[in-house]
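In: predicted model and sequence below, questions to follow.
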Amino acid sequence: MSKDHFYVYRNTTVEGMFRPGTLFSGYDEFNIVPDTNIIIWFYVITPNTEHELIEDVIRDYQQRLSFVISKTDSSQTKILLTLSKRIVHNNFVDSDQTIIYSIEDYNKSLMSLSNAHPNIYVFNIDEFLTDLSLYDIIDWKFYYMAKMYFAPKHNISFRKWFDGKMNTINYVRKKCLVLDLDNTLWGGVLGEEGIGGVKLGGDYPGNAFKDFQQNIKESINKGVIVAICSKNNENDVKEMISRHPEMVLNEKDFLLIKSNWTDKAQNIVDIANELNIGLDSFVFIDDNPRERERVKSELPMIEVPEFPSEPYMLYDFFKMVYSQYFQIYKLTTEDKRKKDQYFENFKREKLKVTLSSMDDYISALDIELSFFKNMNLSRVSQMTQKTNQFNLTTRRYTESDLNRFVEQSDEVYSIGVKDKFGDSGITGAAIITIDKANQVATIDSFLVSCRILGRGIENVFLNLVLNSLYMQGLRNINACYLKTKKNEQTVNFYENNGFTIEEKTENSKSYKLTVNGVIEINKSYRIIKI
């Protein structure tokens, strides 16, 4: 999809809060603009609204929003900003909570819309306002002179917050959190003070470190993978993790433990290689400024946030780290199983080295492939946003974009992978545009997760897609490869699967293939078509 185009329905002046090129309705107007791909609903309760009429005004907002949703394209992404409960206008009777209740009901109605429609997302404006002084949010001079509800000095920070929220719905997040140990996960130096001497749990500062671990634990449950990179004796570390009664994190929570005296930058490179993920997917947390600077210097693609100077600051620190690098709008089944999937891959690699041939390896894995058509769109969207290495075109799509493909009678294929070691989930996607008049199909996108490479699954998946198109009477298939910094391993993928190069440039190749019959699938793979 080309660059996103915003259209904002609003009832106050908000032009400075959005990036250049954004289009805006008139105040309180809701004419329909069908050509924009992202619609933003940003209404507020203005201070001049009569107190007794606020309930009616909020109901009117709901009716207007319902009208806009009913009249706009169902595949357009719609962002609904909540009404703020922080900014409650003059309440002349303490016992009267009418406005609060009305705002809560309105915000619940937005969430109901989001739950009912995969292309509707709700952003809680109070998340942005929470760190602002109540009396600093509105600048009355600008409100009365320019109908500007939020003080213009907050425009840049709002835009940064809003762009971050957009990243959450586009599944732009880091993958791996790498942690130091001493004075990071606990207070003190384990090698000097021993298990009984470090500060963890109990009174301050131990209680702050324990809560820090609890937040990390919750992030693991939300799909963040975690590794240790510490200058320590590994046996001491494992003893601490297994024996200290206040440890929240256990050894199974850490995908890899690099506890040695090797340079930390090199250890992180080793972690990336073992996990087969890019270094730009890492966030490194360490209390030692020298270690942070070393990693920043050697590995500038890694995010290295400044560590707080006091343990009581750890709670807000982790909140910032998670929000900035790992926040996600919707959790998929694959996110929840991320850690387990990497552990399962380690087991596969151990099996591989014991067998003499790839055929023996494939047979021993007992692979089951589930082949889906026009399903799992949320997960497919996530994959288009995150998958870089085995991605032939690296085009990014939202769930709304994928719905648009399906509504246009194009097709979105996906594949689920299981074997004797576990369920890798939905790990491959193909987006096909179809010209039925000329009986031509074009592979717009083809991608698979790095976790399933090395088992021939990418080739089987392509053949399943080609067979599906053939069964629909589509014989002529077009495809292309678009070079990026990360997808070099796919440069000959289509040639290796029988496609003919039609045109070639330095950064791209276009292909054609004529399918003359159903392609036989290796019987070592059990195929389930859904």
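Out: Nice, thanks for sending it over.
In: spell out, range by range, the helices that occur in the stretch 201-350 of the chain.
Out: Assignment of helices within the stretch 201-350 of the chain using DSSP state H, counting those that start in this stretch yields the ranges 206-221, 234-243, 264-275, 289-298, 314-325, 333-336, 338-352.
In: turn these into CSV, columns for distance to Ala479 and mean pLDDT.
Out: C-beta: built from backbone N, CA, C; applies to glycine. Formatted as CSV, the helices of the stretch 201-350 of the chain follow (distance: least, CB to CB, whole Å; pLDDT from 0 to 100):
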stretch, distance to Ala479, mean pLDDT
helix 206-221, 38, 97
helix 234-243, 48, 97
helix 264-275, 29, 96
helix 289-298, 39, 97
helix 314-325, 34, 96
helix 333-336, 26, 84
helix 338-352, 28, 90
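In: Asp60: neighbouring residues, count only.
Out: Residues lying near Asp60 (other CB atoms under 10 Å) number 13.
In: picking up where we left off before, of the helices of the stretch 201-350 of the chain, which is nearest Thr442?
Out: helix 333-336 (27.2 Å; CB to CB).
In: residues of that closest one that come out buried?
Out: By neighbour count on 16 or more other CB atoms under 10 Å, the buried set for helix 333-336 is 334-335.
In: show me the strands in the stretch 301-450 of the chain, by range?
Out: 367-373, 411-419, 422-435, 440-448 (DSSP state E, counting those that start in this stretch).
In: got CSV for the ones you listed, with mean pLDDT too?
Out: Listed next are these as CSV, based on pLDDT from 0 to 100:
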stretch, mean pLDDT
strand 367-373, 98
strand 411-419, 97
strand 422-435, 96
strand 440-448, 98
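In: Leu110: which of these is closest?
Out: strand 411-419 (27.5 Å).
In: can you list the domains in the chain?
Out: Structural domains assigned to the chain are 6-169, 176-325, 333-529, following automatic domain parsing.
In: those domains: lowest mean pLDDT?
Out: Ranked by mean pLDDT, those bottom out at domain 6-169, with a mean of 90.
In: straight-line length of that domain, end to end?
Out: One end of domain 6-169 sits 15 Å from the other (CA to CA, to the nearest Å).
In: give the buried residues for stretch 374-391.
Out: Buried, per 16+ other CB under 10 Å, within stretch 374-391: 375-391.
In: I'd like the helices of the stretch 201-350 of the chain as CSV, with distance to Thr442 appended.
Out: Compiled in CSV, those are given as follows (distance: least, CB to CB, whole Å):
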stretch, distance to Thr442
helix 206-221, 40
helix 234-243, 52
helix 264-275, 34
helix 289-298, 43
helix 314-325, 35
helix 333-336, 27
helix 338-352, 31
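In: and the ones you listed: which comes nearest Pro305?
Out: That would be helix 314-325 among those, by CB to CB, at 5.6 Å.
In: mind checking which of the buried residues of stretch 374-391 are in helices?
Out: Secondary structure defined by DSSP state H assigns 377-386 of the buried residues of stretch 374-391 to helices.
In: closest to Arg243 among these?
Out: Among these, and counting by CB to CB, the member closest to Arg243 is Lys386, at 37.2 Å.
In: please name the nearest non-neighbouring residue to the closest one.
Out: Closest residue to Lys386 apart from its sequence neighbours, by CB to CB, 6 or more residues apart in numbering: Tyr171 at 5.7 Å.
In: give me the distance between the one you found and Gly16.
Out: Distance, Tyr171 to Gly16, by CB to CB, to the nearest Å: 28 Å.
In: just Ile457 next, same as before
Out: Applying CB to CB, the value for Ile457 to Gly16 is 49 Å.
In: over to Leu369?
Out: For Leu369 relative to Gly16 (CB to CB), the value is 51 Å.
In: of these two, who's got more company?
Out: Taking neighbours as other CB under 10 Å, Leu369 and Gly16 compare with Leu369 leading, 22 against 16.
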